[in-house]
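*Asks:* Generate a structure from the sequence data that follows.
(chains A and B)
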Number of protein chains: 2
Amino acid sequence: MSFSARGSLLFSPLTVRGLRLENRIVLPAMVTRLSGEDGLVNGDVRDRYLRFAKGEPGLMVLEAMGINETRSGPLLRASHDRFVPGLKDLVRELHASSPTKVAAQIIHFLKISRSGWRQRVQDLDRKAIEGVVEAYGDAAARVRDAGFDGVEMHMAHAYTLSSFLSRMNDRRDGFGGASVENRLRVPSMALARVRERVGPDYPVGIRFDGEEAIKDGYSVGDASLFAVRFARLGADYVSVSAGGKFEDAIHVEGEPLYPYTGYSGDRCMPGAGYPDGLNVYLSEGIRHALKERGCHVPVVATGKIRTPELAEKILRDGRADLIGMARQLLADPDWPRKVRDGHADTVVPCVYNNVCKALDERFHRVRCTLWRKHDLHAPEAPSDRAPPVWPAGARVTATGHRGGVRLEWTAATDDGGVYGYMILRSEADGPFVHVDSARGVSLRFDDHSTLGGTPYRYEIVAYDLAGNRSRPLGPVAITPEAPHG
Amino acid sequence: MSFSARGSLLFSPLTVRGLRLENRIVLPAMVTRLSGEDGLVNGDVRDRYLRFAKGEPGLMVLEAMGINETRSGPLLRASHDRFVPGLKDLVRELHASSPTKVAAQIIHFLKISRSGWRQRVQDLDRKAIEGVVEAYGDAAARVRDAGFDGVEMHMAHAYTLSSFLSRMNDRRDGFGGASVENRLRVPSMALARVRERVGPDYPVGIRFDGEEAIKDGYSVGDASLFAVRFARLGADYVSVSAGGKFEDAIHVEGEPLYPYTGYSGDRCMPGAGYPDGLNVYLSEGIRHALKERGCHVPVVATGKIRTPELAEKILRDGRADLIGMARQLLADPDWPRKVRDGHADTVVPCVYNNVCKALDERFHRVRCTLWRKHDLHAPEAPSDRAPPVWPAGARVTATGHRGGVRLEWTAATDDGGVYGYMILRSEADGPFVHVDSARGVSLRFDDHSTLGGTPYRYEIVAYDLAGNRSRPLGPVAITPEAPHG
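*Replies:* Purely as a prediction, here's the structure:
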């Protein structure tokens, strides 16, 4: 299926409780680790989101913002009125610079310690539960005061409301246990309180797990009931994530547990080895359950959706109403604008090696492995249309290396600097397919995914900051050694 | 989609290297724990497989059979010629009783101890590797001698060849590491040896994981390359499983590690909370990759496929060529025959509560929770066509209970005995849907999956040993208490 923005669903507007999104692309909340421990908007935070806004996704969701005073790593906060002025300035600037609508995600989390201990929802008494509910209401009101276009409640991954929804929540007092209704009780209370505080005209979204991806965790069945409840309580969209739980997190001695270190973290942010759109069955199942019950709340699909063709197909097939794109927009914030304007061939494709995830895990500032080495943001795209060129005598070589193929190539040149190289591979005279990318400084790539006895050809394409691509260097042909047997 | 066997793909034959399967239904290898530690065919083993054969699936695959002399729990064996006579008698009886074709799965596993220690493929020297390869060849030859219609090599889950394929295999000597080719080396050697030993005319299948479902494990990308290699080495079908790994297994003090106790075990045998056909994206991706490379080896999909409609749709959509059905055939071995003959309404549906899995885990004889209490096998279906009836005054009651709904009902009566009860639910005047079943002795069911404030109606249907269903008792209506908020 080839893609054209004109007539596409992806670039058709969608109105959510009076809020018009110009297209169906959503930047889901992604921790930046750019704020200080003070939780205030600073220049780095501002620059990061202004950069995203330039790409013009329909909706962007900021961070998650902490709503309780529990210590955490660097994270924006909405836990006190003192955070409002900084957020207000940021939203004003974002609105002034872009048609993108801007929501804030708000998160409540429990205590964790470096010993590996963590507080559980089972430890909360009635008063603490009421505190969680109030904190959501208060923070939502602040988000509205700050001028955001909407608020998104974080009910996904390892955090408080998600832990109430979880099948691991074995409270026996009406706030947990086998019953879906009991596990929904606190999230329902929080959503009702948020609605009460922001009023009937303000968009409220819910981000939650379609599947826990842990032993004995819930999947689409429970998640569909959660979504129905959220819709009935007036949620304006549901955004479907997966996994990211404490239960399978790997404890590093002396470090607080980080909930994306286990398999459920892989499932939350599927890496290069997983198929595109891995988690779309979750949004699909949830959307189907909603429709069956007459709930027409839009559903956001996320999880390794990177091409306009796949995004459009998901929408056409009724598997989601909006497409969340986190890592791909980190790699190239201009994806929506480029694709809309017919320049999909200048998109810098995400390679899903999860360097961004690893940085977050270590509380480092979250960057993309494809950016220039010390940059804190995706580079601005110059209006330059001259692609990189190969010097005379440039060549790419392929040699057998540790069961795979090693490629090495000559550096390309560009007036604004070469930004990166795309590695294209053809198998047995088939079409050339992008298999990975390397940052501009790297002139080597090891391909581990070859079969001995199969003929391959490789080409290298250099690209500049604007994403302009060189003519391919190569091809170079190699047939790795046939296997024993 | 309504299903008709006539004209269906599901009941069309498929010929695999000269072996004609009468339909597309495969009973995958399922450990029975019915043999003794001696690994010999006994009366229980015989009765179990004869019972399966009566249902007439196209292909049935026996156990896995151990091919090395390492101690294990009760498991059939093909590790010595002394096992051949018993297997030969069994195959002869199966063939005499049913058109079902019969293959044997052969498995090599490494040592595990009660301390939690386990031998890894990284510990095997060249001689040990050659021993694994030889053991596969020898066992395959025995399987052929015993008269089986084919042999299936176990390369899935936590066992030796799977562990070579795994991304956890970090050997640096050409038998592991990042390279797909190096991880494929030993499995390729074993397959080549098996082909050499059984000759060019004998069906050889491969069962392997389409996804490891563990942190940093492989998924469809690697799995597709594995399948291509297997096809090129002459495998006649590939059967796609998932997970079942040691890496996330839960160690119980003093017990050997059991590889289905973690999330990867849930993913291997998805329970009631998961959507039907959860793992079909794996067979789909693998089949697509095979076709792209001109390999037309049939692909078996497995993982919670229970209805003829879904099975047929998977085949029609080209997502698989054969449908594996383990737990559903354990619950009702007559599924293929009943569905073929237009009696799908007498199938006893699997409820996927994984009692069978839990029994295997404890090395207990594997039974189905729906069978009569002390039975070792699914009951024979009498030619009885009189369904159970409700006594005068029979009623079903529904009351709110711990956030859900508790149903209690009067016992039905049947000349041959009531076998079980199906619980049907209608939400908000929608159609009645089967939500669970209870064994004949149980007259109570708790529904945890209700939403407060929603009107539900319930009906109870009793069924007898032949699967004949009573008229529904009820409906009883209940609207569970509306939630707070």
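*Asks:* When you work out contacts or count neighbours from here on, use the C-alpha atoms and nothing else.
*Replies:* Noted.
*Asks:* Tell me how far residue A:61 lies from residue B:75.
*Replies:* Residue A:61 sits 54 Å away from residue B:75, taking C-alpha to C-alpha, to the nearest Å as the criterion.
*Asks:* before we move on, what about residue A:48?
*Replies:* 59 Å.
*Asks:* quick one: which of the two has more around it?
*Replies:* residue B:75 (23 against 17; other C-alpha atoms under 10 Å in any protein chain shown).
*Asks:* part of a helix, is that one?
*Replies:* No: judged by DSSP: H, G, I helix; E, B strand; the rest coil, residue B:75 forms no part of a helix; its state is coil.
*Asks:* Quick one: residues contacting it.
*Replies:* Shown in contact with residue B:75 (C-alpha atoms under 8 Å, 6 or more residues apart in numbering or on different chains): B:31, B:32, B:33, B:34, B:35, B:36, B:37, B:39, B:63, B:64, B:65, B:66.
*Asks:* shouldn't the third one be in contact with residue B:367?
*Replies:* This points to residue B:33. No: using C-alpha atoms under 8 Å, residue B:33 is not in contact with residue B:367; the gap is 9.5 Å.
*Asks:* List the contacts of residue A:260.
*Replies:* A:244, A:245, A:246, A:249, A:266, A:268, A:361 are the contacts of residue A:260 under C-alpha under 8 Å, 6+ apart.
*Asks:* Lowest-confidence one in those?
*Replies:* Within the set of the contacts of residue A:260, pLDDT is lowest for residue A:361 (86).
*Asks:* tell me the phi and psi of that one?
*Replies:* phi -60, psi -40 (degrees, to the nearest 10).
*Asks:* circling back to that earlier point, output the contacts of residue A:260 as CSV; include the columns secondary structure.
*Replies:* Formatted as CSV, the contacts of residue A:260 follow (three-state DSSP):
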residue, secondary structure
A:244, coil
A:245, coil
A:246, coil
A:249, coil
A:266, helix
A:268, helix
A:361, helix
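*Asks:* ok, which stretches of the stretch 151-300 of chain A are strands?
*Replies:* For the stretch 151-300 of chain A, strands defined by DSSP state E, counting those that start in this stretch occupy the ranges A:204-211, A:237-242, A:299-301.
*Asks:* Quick one: closest of those strands to chain B.
*Replies:* Closest approach to chain B among these (C-alpha to the nearest C-alpha): strand A:204-211, 8.8 Å.
*Asks:* Listing partners with orientation, what would you give for the closest one?
*Replies:* Sheet pairing of strand A:204-211 (DSSP bridges) gives strand A:150-155 (parallel), strand A:237-242 (parallel).
*Asks:* Give me the below-cutoff pLDDT ranges for the stretch 51-200 of chain A.
*Replies:* Along the stretch 51-200 of chain A, no part satisfies pLDDT under 70.
*Asks:* scratch that, the stretch 351-485 of chain A is what I was asking about
*Replies:* A:484-485.
*Asks:* ok, now which ones touch the residue in it positioned nearest to chain B?
*Replies:* Nearest residue of the stretch 351-485 of chain A to chain B, counting by C-alpha to the nearest C-alpha: residue A:448, 4.3 Å away. Taking C-alpha under 8 Å, 6+ apart, we find residue A:448 in contact with A:403, A:404, A:405, B:178, B:179, B:180, B:181.
*Asks:* For it, give its distance to residue A:245.
*Replies:* Counting by C-alpha to C-alpha - residue A:448 and residue A:245 are separated by 30 Å.
*Asks:* CA atoms of stretch A:301-317 as CSV?
*Replies:* Extracted C-alpha coordinates of stretch A:301-317, given in CSV (Å, rounded to 0.1, in the frame of the first residue of the first chain):
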residue,chain,number,x,y,z
ALA,A,301,-2.6,2.7,19.4
THR,A,302,1.1,2.8,20.3
GLY,A,303,4.1,0.5,20.1
LYS,A,304,6.5,0.6,17.2
ILE,A,305,4.4,2.2,14.5
ARG,A,306,6.7,4.0,12.2
THR,A,307,5.5,4.1,8.7
PRO,A,308,2.6,6.1,7.3
GLU,A,309,1.4,3.0,5.5
LEU,A,310,1.1,1.0,8.7
ALA,A,311,-0.5,4.0,10.5
GLU,A,312,-3.0,4.5,7.8
LYS,A,313,-3.8,0.8,7.6
ILE,A,314,-4.5,0.6,11.4
LEU,A,315,-6.9,3.5,11.1
ARG,A,316,-8.6,2.1,8.0
ASP,A,317,-9.0,-1.3,9.6
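*Asks:* contacts for that stretch?
*Replies:* Defining contact as C-alpha under 8 Å, 6+ apart, one finds that stretch A:301-317 is touched by A:1-3, A:8-10, A:239-241, A:268-271, A:275-280, A:282-283, A:319-325, A:327-328, A:339, A:349-350, A:352.
*Asks:* Find the centremost residue of chain A, please.
*Replies:* In chain A, the C-alpha nearest the mean C-alpha coordinate belongs to residue A:326, at 2.7 Å (C-alpha atoms, centre = their mean).
*Asks:* Now that residue: phi and psi?
*Replies:* Dihedral angles (degrees, to the nearest 10) for residue A:326: phi -100, psi -70.
*Asks:* doesn't residue A:31 make contact with it?
*Replies:* No: between residue A:326 and residue A:31 there is no contact under C-alpha under 8 Å: 10.3 Å.
*Asks:* List the residues that contact residue A:397.
*Replies:* Taking C-alpha under 8 Å, 6+ apart, one finds A:406, A:407, A:408, A:409, A:476 in contact with residue A:397.
*Asks:* Residue B:157: which of the residues you listed is nearest?
*Replies:* Nearest to residue B:157 out of these is residue A:406 (C-alpha to C-alpha; 31.0 Å).
*Asks:* Next, residue A:122: secondary structure please.
*Replies:* When classified by three-state DSSP, residue A:122 comes out as helix.
*Asks:* wait, I meant residue A:436
*Replies:* strand.
*Asks:* Secondary structure element holding the closest residue to it other than its chain neighbours?
*Replies:* Excluding its sequence neighbours, the residue lying closest to residue A:436 (C-alpha to C-alpha, 6 or more residues apart in numbering or on different chains) is residue A:423, at 5.4 Å. Per DSSP states H and E: residue A:423 is located in strand A:418-427.
*Asks:* what does residue A:387 give?
*Replies:* Here residue A:387 is assigned to no helix or strand, by DSSP H and E.
*Asks:* ditto for residue A:48
*Replies:* In this assignment (DSSP H and E), residue A:48 forms part of helix A:43-54.
*Asks:* got the buried residues for that helix?
*Replies:* For helix A:43-54, burial by neighbour count (16 or more other C-alpha atoms under 10 Å in any protein chain shown) applies to A:44, A:45, A:46, A:48, A:49, A:50, A:51, A:52, A:53, A:54.
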